[in-house]
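Asks: no sequence on this one, just coordinates:
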């Protein structure tokens, strides 16, 4: 599978939504769905990567995979933690949990800490790293089991069933059992659905299965983007958004990925492959890491527009530094047995 710039373009849309949400831009109450775009995309790409390795070598080299993930994610996180250790005590002198939060984020446990009321307030956004790290830890082992079945239909059925059951579990917990939306938002078992749906598409496309032509009509693509826009704009309460809006977003991203794969020379691919958009997508991990503490400080005494633009500018500078002086050099050092997938991880 060759590198697809459009996927970085989709990453850019996801991170721009997150920046608008944390910058508190009015009129976009649901822009935090950018995180869910990342989840579906991560499930898809990681599965494609693992399947490509399996087809090339006849085995999943789990130690190699975990090492790759560690080298990909941890060095930029360490830069964030270094900056936090230097500046956080000066910016928030009355906050007494900097050391605790530092350790929680380092161990990728922010999501669990938030559930029990001990979350890293100035690095609250790192909860999603905990979700993804658990997926990276558990999914390769699960994929080994699914591949051992030697029945693709059964494997896909298991993943789709998992997606549906998690959605129903989340809906029941929120609507029937009065689980707080805050807890549901951070819980791994209730945010796994997008990752599984992306993994399901990764298996489908990775095995070269055909896509029914009636699904690949332009009006379905337009509808998908309208659904994403509606969830971003619609002022639903948190429980309604998690119960009903989240599955719609996940399915929308699934369909966009399906379209991008089916029409690599199409208009959507060309639009998402616009160079500035692709570059923002390549910076997306750094932008995600660095923007939140900056905006959290700026929003205390500044209007939303200054928080958004100044916070984004500072995060952009740090993300460019991280991309060119940390991520890219480390990527050259990493062992990449599947060269066709360079740029996707």
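Replies: Perfect, thanks for sending it. This one's a predicted model, so the numbers in the text were calculated from it and none came from an experiment.
Asks: Which strands and helices lie in contact with the helix or strand hosting residue 132?
Replies: Here residue 132, judged by DSSP states H and E, is contained in helix 127-148. Using 3 or more Cβ pairs under 8 Å, 6 or more residues apart in numbering; DSSP states H and E as the contact criterion, the elements in contact with helix 127-148 are helix 34-57, helix 62-91, helix 110-115, helix 152-175, helix 188-206. Placement of C-beta: from N, CA and C, glycine included.
Asks: Show me what the longest one is packed up against.
Replies: Contact here means 3+ Cβ pairs under 8 Å, 6+ apart; on that basis helix 62-91 packs against helix 98-106, helix 127-148, helix 284-298, helix 304-322, helix 328-333.
Asks: Poorly predicted segments of the stretch 1-150 of the chain, please.
Replies: Counting by pLDDT under 70, the low-confidence segments of the stretch 1-150 of the chain come to 1.
Asks: Kindly recompute the last result at 50.
Replies: Applying pLDDT under 50 to the stretch 1-150 of the chain flags no residue at all.
Asks: Let's check: the centremost residue of the chain is which one?
Replies: Taking Cα atoms, centre = their mean as the criterion, residue 38 is the residue nearest the geometric centre of the chain, at 2.4 Å.
Asks: in terms of contact, does residue 183 touch residue 115 like I think?
Replies: Yes: under the criterion of Cβ atoms under 8 Å, residue 183 lies in contact with residue 115, with a separation of 5.6 Å.
Asks: if you count what's nearby, which of these two comes out ahead?
Replies: Summary of the neighbour comparison: residue 183 and residue 115, criterion other Cβ atoms under 10 Å, with residue 115 having more neighbours (18 against 14).
Asks: For residue 77, which non-adjacent residue is closest in space?
Replies: In space, not counting the residues next to it along the chain, residue 77 is nearest to residue 289; the distance is 6.5 Å by Cβ to Cβ, 6 or more residues apart in numbering.
Asks: Next up, the contacts around that neighbour.
Replies: Remark: with contacts taken as Cβ atoms under 8 Å, 6 or more residues apart in numbering, residue 289 is in contact with 76, 77, 79, 80, 126, 319, 322.
Asks: Quick check: the second one vs residue 97, distance?
Replies: As for residue 77, its distance to residue 97 is 19 Å (criterion: Cβ to Cβ, to the nearest Å).
Asks: Pick out whichever of these two has more residues nearby.
Replies: Between residue 77 and residue 97, residue 77 has the larger neighbour count (other Cβ under 10 Å), namely 17 against 14.
Asks: average pLDDT for stretch 193-206?
Replies: Rounded to a whole number, the mean pLDDT of stretch 193-206 is 95.
Asks: Just give me how far it sits from the chain centre.
Replies: Taking Cα atoms, centre = their mean, to the nearest Å, one finds the center of stretch 193-206 at 14 Å from the center of the full chain.
Asks: in it, what's buried?
Replies: Buried positions in stretch 193-206, judged by neighbour count with 16 or more other Cβ atoms under 10 Å: 193-206.
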